[in-house]
Structures are given as C-alpha cells and as structure tokens.
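1. no sequence on hand, only this structure:
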C-alpha cells in the first residue's frame with residue numbers, strides 16, 4: 001500500500017514542553033519507532049506539522065535586531081530541513097541500511113485572494129498567559145487567539161491549491177524511497193504575476209496539505225496521527241464516545257473545534273470524498289492496527305452513517 005502519514009505537532013513536541021533539540025529528537029524517536037512497524041511491504045510518505053518550530057525560529061529571529069526578521073515562508077523551509085533531517089536519521093536507524101530516504105522542500109501554491117489572509121487563525125509558537133500575549137501583540141503587531149487556557153500568536157492559513165514537487169515525490173516513491181515532504185503544510189507560495197512565484201507570510205494547515213498530497217499521489221490510505229486514539233463526540237464530557245467509522249457527510253454534521261480536531265476531520269473527509277479511499281484519524285501508538293483496519297476513526301464513502309466503538 002502507498003500510505004501518507006501526517007504527524008501531528010505533538011509527535012515532535014509535547015504541549016508545554018521546552019522546545020529543545022533534544023526534546024524534539026526524543027519525541028521523533030518515539031514516532032519513528034511506530035512508523036517503522038508499517039514499512040514492510042508499504043510505500044511511505046511522511047508529512048509533519050511545524051507550528052512550535054516555526055514559532056521558535058520567529059522568536060529567535062526577532063531577538064537579533066540587526067537584521068529584519070526572516071519571513072514565515074523562509075522559516076517554514078528551515079523547519080522542513082531540520083525536522084526532515086531528524087526523522088530521516090531516527091527512522092533510518094531503525095530500518096535496514098539499504099532503505100533510501102529523501103526529504104523534499106515542498107512549495108505549495110495558495111490563492112492571493114484566499115479569505116484566510118483577512119482572518120488569521122493558525123496558531124504558531126509557544127503558549128503565553130493572556131497578559132503576556134497581549135503585550136507581545138501590541139509590541140510586534142501580532143494577531144493572538146485563545147488556545148485552551150492560554151494564548152498563542154495566530155497567522156493566516158490559506159488553503160493549499162497545488163503541490164509543485166508532486167512529480168519528484170512520485171519518482172522517489174517509484175524507486176523505493178521513503179519520502180518526507182510537505183512539512184508544516186509546505187512552504188506557502190503564490191503567483192504575484194504570471195510566471196512569478198513568491199513566498200508569502202502564512203502557514204498552511206498540514207492536515208489539509210497532507211490530504212491534497214495523498215490525493216495527488218493516489219495513496220491507498222491517509223493516516224492523520226494525533227495524540228488521541230480517535231475522533232470523539234462530546235470530548236472530555238461523561239457522554240464522550242469514540243467514532244469508529246463514519247461517512248464524510250455524517251462527520252461534517254458534528255462540528256469539531258476549528259483549532260484542534262476540525263482541520264483533521266475536514267482533511268480526512270476531503271480525501272475520502274475525492275478518492276473513494278480511506279482516511280483514518282488516530283494515535284501514532286496504534287499505527288499498525290490503523291493500517292490493518294482495526295483502530296482509529298475510519299472515514300470513507302464506502303459505508304453510510306456512523307458507528308461508535
């Protein structure tokens with residue numbers, strides 16, 4: 001099977017944990033131990049989030065005032081290199097020496113007229129107490145928004161339209177390589193005039209980009225790995241129930257939170273609708289069972305309705 005695995009930001013850094021290189025490597029090692037289990041007999045493409053990392057780079061850039069801070073598209077490219085390197089190394093240490101890897105910088109086209117540019121919603125960087133977030137917003141001209149009981153910086157998150165490197169990704173898969181790409185939703189770019197592509201100050205949602213990637217690669221399965229073992233209704237309440245299987249139409253009626261499960265459900269529904277294949281939202285720890293069809297929330301147009309586990 002050709003499988004696209006979208007790693008959540010929590011696979012790289014746990015919430016509230018210091019953003020050290022050692023912490024990120026330790027978390028990536030845990031993630032790759034799971035991914036290694038599904039490599040035999042399958043083609044693997046790994047995408048990942050980059051919210052905490054791109055936020056850290058932007059803070060580090062802001063601390064050095066002799067040059068103007070680097071824009072988010074450049075910082076996104078930096079995180080693709082850094083995270084891809086660590087995934088390659090940690091997964092490579094677990095698989096046979098002969099298994100080839102490639103991390104591709106992935107430029108993704110967005111629409112300059114996307115309404116997201118008028119309504120920043122994508123959280124990046126660390127969490128702050130409300131007072132500190134408001135102070136930083138005033139100083140730096142940031143937009144901020146609540147994230148749980150804390151606040152974070154938010155930036156525009158336009159929809160991905162096209163993945164420019166899709167052909168090289170296919171070529172590498174055909175040669176047996178594991179490909180790490182579309183990190184952080186890819187590097188956001190747009191055409192400012194015909195034939196002139198430029199980067200833009202935004203962060204594309206990595207789940208929506210992973211769905212587009214999986215669709216364009218004609219993947220058999222999209223796995224959206226997160227820190228819970230399924231999508232739930234009434235999450236965190238006594239009435240909570242895990243969704244085992246659902247048709248996209250039923251999932252979309254349930255209304256998941258925009259900042260957390262919402263984009264994952266939207267991405268899974270889009271992939272299932274556009275391809276007729278299966279998308280699964282679940283825990284990285286269950287990845288073998290997800291691939292075997294016995295874990296996670298499976299979203300597919302094959303079966304109507306919704307069932308709970």
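-> All right, it came through fine. If you're wondering where the values come from, they're calculated on a predicted model, not measured in any experiment. Numbers count the residues shown, from 1 in each chain.
2. kindly check the end-to-end length of stretch 29-48 for me.
-> End-to-end distance of stretch 29-48: 14 Å, with CA to CA, to the nearest Å as the criterion.
3. other residues contacting that stretch?
-> Stretch 29-48 is contacted from outside by 1-7, 9, 11-12, 83, 87, 90-91, 94-95, 99, 169, 173, 176, 178-184, 206, 209-210, 213-214, 217, 219, 225, 284-285, 287-288, 291, using CB atoms under 8 Å, 6 or more residues apart in numbering. For the C-beta atoms, the positions are set from N, CA and C on the backbone; glycine is no exception.
4. after the longest helix anywhere in the chain, next one along is what?
-> Counting residues, the longest helix in the chain under DSSP state H turns out to be helix 72-92. Toward the C-terminus, helix 72-92 is succeeded by strand 101-103 as the next helix or strand (DSSP states H and E).
5. buried only: go through the contacts of stretch 29-48 for me.
-> Judged by neighbour count, with 16 or more other CB atoms under 10 Å as the criterion, the buried members of the contacts of stretch 29-48 are 2-7, 9, 11-12, 83, 87, 90-91, 95, 169, 173, 178-184, 206, 209-210, 213-214, 217, 219, 225, 284-285, 287, 291.
6. ranges for the helices of the stretch 51-200 of the chain?
-> In chain order, the stretch 51-200 of the chain shows helices spanning 51-63, 72-92, 130-140, 166-174, with DSSP state H, counting those that start in this stretch as the criterion.
7. now those helices in a markdown table, with distance to residue 232 and mean pLDDT?
-> Listed next are those as a markdown table, based on distance: least, CB to CB, whole Å; pLDDT from 0 to 100:
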| stretch | distance to residue 232 | mean pLDDT |
| --- | --- | --- |
| helix 51-63 | 22 | 84 |
| helix 72-92 | 28 | 95 |
| helix 130-140 | 28 | 93 |
| helix 166-174 | 33 | 98 |
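8. now render the ones you listed as JSON lines, adding distance to residue 31.
-> Listed next are those as JSON lines, based on distance: least, CB to CB, whole Å:
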{"stretch": "helix 51-63", "distance to residue 31": "14"}
{"stretch": "helix 72-92", "distance to residue 31": "8"}
{"stretch": "helix 130-140", "distance to residue 31": "29"}
{"stretch": "helix 166-174", "distance to residue 31": "20"}
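9. these: which one's closest to residue 153?
-> Counting by CB to CB, residue 153 lies closest to helix 51-63 out of the helices of the stretch 51-200 of the chain; the figure is 6.6 Å.
10. which residues of the stretch 151-300 of the chain fall in strands?
-> With DSSP state E, counting those that start in this stretch applied, the stretch 151-300 of the chain shows strands at 162-163, 178-180, 187-193, 196-199, 221-226, 232-233, 241-246, 278-283, 297-299, listed in chain order.
11. just give the nearest non-adjacent residue to the spatially most central residue of the chain, would you?
-> In the chain, the centroid-proximal residue (CA atoms, centre = their mean) is residue 206; its distance is 3.1 Å. Nearest-residue entry for residue 206: residue 185, 4.2 Å, with adjacent residues in sequence omitted and distances by CB to CB, 6 or more residues apart in numbering.
12. ok, the one you found touching residue 205?
-> Yes: judged on CB atoms under 8 Å, residue 185 makes contact with residue 205 at a distance of 5.4 Å.
13. neighbour-wise, which of the two wins?
-> Per other CB atoms under 10 Å, whichever of residue 185 and residue 205 has more neighbours is residue 185, with 33 against 24.
14. residue contacts, that one?
-> Counting by CB under 8 Å, 6+ apart, residue 185 makes contact with 49, 50, 76, 108, 157, 160, 203, 204, 205, 206, 208, 209.
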